[in-house]
Each structure stands twice: as C-alpha cells, then as structure tokens.
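Engineer: this one's structure only:
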C-alpha cells in the first residue's frame, strides 16, 4: 500500500451523503483530501464524473472516493470498501453482510428524509413543492420514522447488553452512520425526535458514545465539519416537523 | 457446501425487488424455494422478519435470502452475496466494486420509479395521491429517466465494442438487473421508452441478449415469472406516461 491519501469528492457546501464517508475516514485516522472544498475542486469533480471511473464505469453522482486506481461511488459501496481496511467492521463474512444490509437500510431512510422536502422533483426548489412536502412529511414523521427508528432500536435491544453496537462487539461504520442519521433527524425534525426519544434509549446512548470518540469529537469541533443547512438532505423546515401539540 | 436450496422470501404476487434476485437464481441454475408463494409461506416470511436474522439483525423488509445460516436482506446485498458463487461477476476486486456501484445506481432508479406513483406515502393508495404523482411522473419521464438511461448507455458506449456487457466481458448480475429495469420501464412508460429508444441502441441490444439466454428465456416463459401488474413497482398508469404528442 502506498502512502497516497484518499481523495473524497462531494459537494463542498453540505454534509449530505458525503458525511457518512467523512466520518469513517476521520474515525479511521486516514489521510484524505476533500477535493471539491479546495481550489479548482469543483472542476476536478466534474471532470471525474465525465471520466472513465473504474473499468469504464464512472460515478453517476457524488460522493465518490479515489483509492489509487479505484474510483468508488455510491455511499454504501464506498464504506464497504473502506471499513475492512481500517478495522471499522469485523472480519467475518456474516458481519460484513449484516453491516452492508444495515447500511443500505440507513440509506433508504436517508432517501425518505430527502423526499420530505423534495417529493415531486429533485430539480425543483422546496418552495415549488410545499403542499406535497407537507403531506409527505406528515407520513414520514407519523409512520415511516417511528418504523425505521424502532427497527434500529430493536437490534440493540436484541443484543441484550452483550454489546452496545449495531454490528459486533466494537464500533463499526454502521454505528458512525447511525450517529449521523440521528444527528440529522435531530436537526430537521426536533419535535418528532423529542416525541420518539423515550422509545429509543439504546440508540441515543450509541449516538452519545460515537460523539465522544476522541477522533469524532475532534472532527465535530473542527472546521472540517460543515454545519447542517437548508441545502442539504437534513433541512429544518418547522412546518414539516411533527405538529407542536401531538 | 451442502445441497440445501436457497430460500427466497418476497411478496408472492408481484415481481418487485424480488425479481432481481429471481433472475440471478434462474440464470445461475440454482436450486431455490420461493417461500412466500408456497403454502404457509406468508406466515413463514413474517416470522423471519420478527426473528433473529444474521447476528441478531433481521431484515427490515423483503426481499431476503436464506443461505444456510445466513439471512441476507437488501436487494443489492443479496446479489453481491450470490454473484461470486455462481459466476455472475468477474473475480477481481475492481469488477465487484464497479458492479455493486452500478447495482446501487439501478436501485436508485427503481426507487424513483416507485415514487412516480407513490410520491406522498407508501401507506396510501395511488388514488389518494394522483395529482402529486402526475407532477412527480412528469419530472421522471422528462428529466430523471433520460439522465439514468443515458448514463447506462454511456457505459456500454465507452466499452467501444470490446464487449457488450456492463461489467467485464461476460454476462453479470448487473446485466440481468438492467434487463429487468428496462422491461419494467417498457411496461410502465411505453411512450417515454419509445421516445428514448433511438438514443439507447446498446442497452436495447443488451436487453434482447439477456432475454435470449436459454435459462432466462425458459424462466420468462414459465409460471414462475409473475406478470407485471398495478400492485408492483412498475405500474402502467397511462396518465403518468409521457404525453401522447411529445
């Protein structure tokens, strides 16, 4: 293995799906360049999207990671590539299969969060689809979010104190991703999350433990961590949150 | 390896996401039981969803595959598990990474197809979200579908006749998945696909070649292949297709 740093390509002004990769790289203590946030970075990103990718298969969209000759796109695919190299998933096949399964379920939840503010078209502004967004967000906060959150909580509950991580006995990239989703949900839907909190004791403990990991804590306090904002996936539009009196 | 057949669990009356797994199992010539389509199958499926899964991580939703002690959920994860065992992806790491990347991009397209008829909530009927569906479908047929289709066509174009498959020099599970998506799009959006056809010569050739594979042809002609219908992901609602005069 050479000492060349990883190159991460993602939109420079949002956490978005790139943040799942950033958290894994940070916890790994890996050297990486967040290319699009540097000079000429956006042009470099666009060039890669029009390029050859791996085996003539370029990314469809950011995020993507360059690891020497490999160009790896799709968030769950990037994490699956990185995790075994940095001790962020146990070595056995069953853990890797289960980890990828959980990560893809987290990705499904992230897609549903995105669609609360963009139910009609990604190419339109939120302001052009507010009535539809209100309907979609109602279904999300009242049914889908409790269903997903209850599912993830049940996995920690099944472990019955044997361990407090989602996959195996120590921190994995799936725990990092869960921290990110819970943080984003707290930002976007504070009332819905406050309402759910009593039913999610184990997930909230996991979230606090991830935030307290030394490398993660240092990252979150740094300028490398972008703030949540209303251009990303997790947006705080109070009118889309659970009604004030529920 | 024992001779125990795979067990596939999926909703018994639709192709849906389970069809991507069925096509791989059929092309592999693998022995499998489509559990929920047999007697007591739905009860068995529900029991598995409430069960222990792999390492205490059960599926969030169908489809899932039982391979001896492993319970594998999430379509792309199931295919990634099966493909190397049955020669449906080249052996090298780069091909596997690129194959999974393409499969996840196909899964994104499938999600967007689903949301054309369910933009507001999965739990509601199409009839309860028709105006929103019309808006979403317009954006899909006019922008998203051409973008996805053009991307996949460009991958075959880049191969410049060296091969006519998406990953590597022979048929892979990604080609099977592309066949399924193109078939579903033909069913759901015949006018939009007719409009796009002249720009997709390589994809349409690939689709015909997959359909002509002996095992796939036999499967498609059998009762094991469910018809497309209006309970699945690919639904033919003429009002959501491209306008008649475009």
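Structural biologist: Thanks, I have it. Just so you know, these numbers come straight off a predicted model, no measurement behind them.

Engineer: can you map out the strands along chain A?
Structural biologist: For chain A, applying DSSP state E gives strands covering A:6-9, A:32-34, A:64-67, A:70-73.

Engineer: ok, residue A:64 - contacts?
Structural biologist: Residues near residue A:64 by C-beta atoms under 8 Å, 6 or more residues apart in numbering or on different chains: A:8, A:9, A:48, A:71, A:72, A:73, A:78. Where C-beta positions appear, they are placed from N, C-alpha and C, glycine not excepted.

Engineer: same check, this time on residue A:54
Structural biologist: Residue A:54 neighbours (C-beta under 8 Å, 6+ apart): A:69, A:70, A:71, A:72, B:94, B:97, B:98, B:101.

Engineer: neighbours around residue A:209, how many?
Structural biologist: Residue A:209 has 15 neighbours, counted by other C-beta atoms under 10 Å in any protein chain shown.

Engineer: In chain A, what helix or strand scores lowest on average pLDDT?
Structural biologist: Every helix and strand in chain A was compared by mean pLDDT, DSSP states H and E; the lowest is helix A:130-139, with a mean of 94.

Engineer: would you turn the strands of chain A into TSV with mean pLDDT?
Structural biologist: As requested, the strands of chain A are exported to TSV (pLDDT from 0 to 100):
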stretch	mean pLDDT
strand A:6-9	98
strand A:32-34	97
strand A:64-67	98
strand A:70-73	97
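
Engineer: quick one on the thing from earlier: check the contacts of residue A:64 against chain B, which are close?
Structural biologist: Residues shared between the contacts of residue A:64 and the neighbourhood of chain B are A:72, A:73 [C-beta under 8 Å from any C-beta of the partner chain].

Engineer: Among the contacts of residue A:64, find me the one that's closest to residue A:207.
Structural biologist: Among these, residue A:78 lies closest to residue A:207 (C-beta to C-beta), at 22.1 Å.

Engineer: Tell me the confidence at that closest one?
Structural biologist: We have a pLDDT of 98 for residue A:78.

Engineer: again, but for residue A:245
Structural biologist: 58.

Engineer: Now compare the contacts of residue A:64 and name the two farthest from each other.
Structural biologist: A:48 and A:78 (13.8 Å).

Engineer: more crowded one of the two?
Structural biologist: More neighbours surround residue A:78 than the other of residue A:48 and residue A:78, with 26 against 21 (other C-beta under 10 Å).

Engineer: isn't that one right up against residue A:71?
Structural biologist: No - judged on C-beta atoms under 8 Å, residue A:78 makes no contact with residue A:71 at a distance of 10.2 Å.

Engineer: follow-up on the earlier one: could you dump the contacts of residue A:64 to a markdown table with distance to residue B:132?
Structural biologist: Shown next, in a markdown table, are the contacts of residue A:64 (distance: C-beta to C-beta, whole Å):
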| residue | distance to residue B:132 |
| --- | --- |
| A:8 | 35 |
| A:9 | 33 |
| A:48 | 35 |
| A:71 | 37 |
| A:72 | 35 |
| A:73 | 30 |
| A:78 | 33 |
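
Engineer: chain center to the longest helix along chain A: distance?
Structural biologist: Criterion DSSP state H: the longest helix present in chain A is helix A:93-117. Helix A:93-117 sits 9 Å away from the centroid of its parent chain (C-alpha atoms, centre = their mean, to the nearest Å).

Engineer: helices and strands around that helix, which ones?
Structural biologist: helix A:75-82, helix A:130-139, helix A:145-158, helix A:173-188, strand B:70-73, helix B:75-82 (3 or more C-beta pairs under 8 Å, 6 or more residues apart in numbering or on different chains; DSSP states H and E).

Engineer: what do residue A:78 and residue A:71 both touch?
Structural biologist: Contacts common to residue A:78 and residue A:71, judged by C-beta under 8 Å, 6+ apart, are A:64, A:65.

Engineer: need the contact list for residue A:194.
Structural biologist: Shown in contact with residue A:194 (C-beta under 8 Å, 6+ apart): no residues.

Engineer: and what of residue A:121?
Structural biologist: The contact partners of residue A:121, taken as C-beta under 8 Å, 6+ apart, are A:129, B:135, B:136, B:139, B:143.

Engineer: Is the last one in contact with residue A:124, as I believe?
Structural biologist: By that I understand residue B:143. No - taking contacts as C-beta under 8 Å, residue B:143 lies outside contact range of residue A:124: 10.1 Å.

Engineer: Show residues contacting stretch A:237-246.
Structural biologist: Residues from elsewhere that reach stretch A:237-246, judged by C-beta under 8 Å, 6+ apart: A:116-117, A:126, A:130, A:133-134, A:137, A:141-142, A:188-192, A:195, A:230.

Engineer: Next, the buried residues of it.
Structural biologist: Using 16 or more other C-beta atoms under 10 Å in any protein chain shown as the test for burial, stretch A:237-246 gives A:237, A:240, A:241, A:242.

Engineer: for stretch A:43-61, same thing?
Structural biologist: Neighbour count says stretch A:43-61 has A:45, A:48, A:49, A:53, A:54, A:55, A:56, A:57, A:58, A:59, A:60 buried, by 16+ other C-beta under 10 Å.

Engineer: just stretch A:154-165 next, same as before
Structural biologist: A:155, A:156, A:159, A:165.

Engineer: From those residues, list the ones also adjacent to chain B.
Structural biologist: Applying C-beta under 8 Å from any C-beta to those, those adjacent to chain B are A:155, A:159.

Engineer: right, and the pair among the buried residues of stretch A:154-165 with maximum separation?
Structural biologist: A:155 and A:165 (9.7 Å).

Engineer: for residue A:84, what are its contacts?
Structural biologist: Counted by C-beta under 8 Å, 6+ apart, residue A:84 has contacts A:91, A:96.
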